[in-house]
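*Asks:* structure for this input, please:
(one chain, ligands or ions: 2)
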Amino acid sequence: VSYSLDRVLAGEVVAGARLMRDVDDRRPAGLALLKQLHPHTGKAYITGVTGNPGAGKSTVVDALIAHHRAAGHKVGVVAVDPTSPFSGGAILGDRIRMQRHALDPGVFIRSLATRGHLGGLSRSTFDVVSVLDAMGYDQILVETVGVGQDEIEVMRAAHTSVVVTVPGLGDDIQAIKAGLLEIADVLCVNKADREGVDRTVRDLLHMLDLRPTSGHDGFGTGKEVEIVQTIATKGLSDGSGIVELAAAVERHRAVAWTGEAGIRRARIRASAQIAELVRALLADRVEQGLARGLADEADAVVQRREDPYTVAERLVARLR
Ligand SMILES: Nc1nc2c(ncn2[C@@H]2O[C@H](COP(=O)(O)OP(=O)(O)OP(=O)(O)O)[C@@H](O)[C@H]2O)c(=O)[nH]1
Ligand SMILES: [Mg+2]
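*Replies:* Ligands and ions are numbered 1, 2, ... in the order given. From the prediction side, this is the model:
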């Protein structure tokens, strides 16, 4: 194997990339090293960026990279694309507008696509984030496309969830944002150079008021969510709002991740990760258990010698 604990901790890019690949392929050597990395993680701050397609998430992430780099941080980026049926490749490439940072040794960008496994994205995100964290990337940005349950699961890996929206969605905003609003710690109204920003901010404020006081993790309340307007295409220049967005994330960090609240949140985050791993391990076991096929059982069921319920229970009991 071309990686080791020392090389990953030293931040060697080749070692880190190989480890991520092996972890993705579920190779035992990768998993073994992941276990060893754990004591060396927990230093990075992880910001999730989600929102509807084309809202400007990548452009926002690109500007945030520049902001963190200017402040001397090393930045890791995880671009998650659960909507794409393609594995990585061109489609995802198009969605990542951070190429100008690709040559910066202080920036590491990693793409994740589903490759068809159910619910595995959240686990993969946690894994990649851990490797980046251990490598010394102290600001990690996770971009995820879309609005489904997958995104919400992926966002559990983040400390602060930024939901990006745009002006002029009109009535759609209600439908699109219902699920996302619940997970938002900071709301970013991007494309603020467009018409209808004030209206959108007003709508969002109204919806936040209607939001249940206990969010997805039992902590969020509507009042705590800040709304920041950005023009991400302006990068870090005056009036882009990116510095303000980063400041809002910092304020959320200070409130949510310090003291008692921070301990409780850390526990919830770890629980989500463990639960995801348990599901994954059980799913693997089920796959192995079913690998030899079900021809005999199927015959028994077809011929009415056995019922499918009892057969399923017996098979599950045998999974070890
Ligand atoms: N006018 C305007 N255009 C913007 C702004 N931010 C991003 N865009 C443009 O919006 C388009 C989509 O931007 P992306 O950053 O790729 O959006 P995204 O949300 O990452 O898109 P997907 O990952 O494909 O869902 C691009 O053409 C951007 O240049 C902004 O603040 N104002
Ligand atoms: Mg994008």
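*Asks:* please count neighbours and contacts with C-alpha atoms only from this point.
*Replies:* Will do.
*Asks:* and the strands in the chain, which stretches?
*Replies:* Along the chain, counting by DSSP state E, strands occupy 45-51, 75-81, 107-113, 139-144, 160-165, 186-189, 226-229.
*Asks:* got those strands as a markdown table, with mean pLDDT, mean neighbour count and distance to Ala291 columns?
*Replies:* Formatted as a markdown table, the strands of the chain follow (pLDDT from 0 to 100; neighbours: other CA atoms under 10 Å; distance: least, CA to CA, whole Å):
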| stretch | mean pLDDT | mean neighbour count | distance to Ala291 |
| --- | --- | --- | --- |
| strand 45-51 | 95 | 25 | 37 |
| strand 75-81 | 90 | 25 | 29 |
| strand 107-113 | 88 | 19 | 25 |
| strand 139-144 | 95 | 26 | 33 |
| strand 160-165 | 94 | 27 | 39 |
| strand 186-189 | 94 | 27 | 45 |
| strand 226-229 | 96 | 21 | 50 |
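*Asks:* just send those back as JSON lines, with distance to Ala256 too.
*Replies:* Putting the strands of the chain into JSON lines (distance: least, CA to CA, whole Å) gives the following:
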{"stretch": "strand 45-51", "distance to Ala256": "12"}
{"stretch": "strand 75-81", "distance to Ala256": "22"}
{"stretch": "strand 107-113", "distance to Ala256": "26"}
{"stretch": "strand 139-144", "distance to Ala256": "17"}
{"stretch": "strand 160-165", "distance to Ala256": "9"}
{"stretch": "strand 186-189", "distance to Ala256": "12"}
{"stretch": "strand 226-229", "distance to Ala256": "13"}
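*Asks:* with Gly16 as the reference, name the closest of the ones you listed.
*Replies:* Closest approach to Gly16 among these (CA to CA): strand 107-113, 9.7 Å.
*Asks:* what about Leu294, how many neighbours?
*Replies:* 11 (other CA atoms under 10 Å).
*Asks:* and it, what pLDDT?
*Replies:* Per-residue pLDDT puts Leu294 at 95.
*Asks:* what's the answer for Gln174, then?
*Replies:* Model confidence at Gln174, given as pLDDT, is 57.
*Asks:* got it, and Gln99?
*Replies:* For Gln99, the predicted pLDDT is 63.
*Asks:* Gly93 now?
*Replies:* 49.
*Asks:* tell me the buried residues in the top helix by length along the chain?
*Replies:* In the chain, taking DSSP state H as the definition, the longest helix is helix 259-290. Buried residues in helix 259-290, defined by neighbour count with 16 or more other CA atoms under 10 Å: 262, 265-266, 269, 272-273, 276-277, 280, 289.
*Asks:* quick check: the farthest pair among the residues you listed?
*Replies:* Going by CA to CA, the pair spanning the buried residues of helix 259-290 furthest: Gly262 and Gly289, at 40.4 Å.
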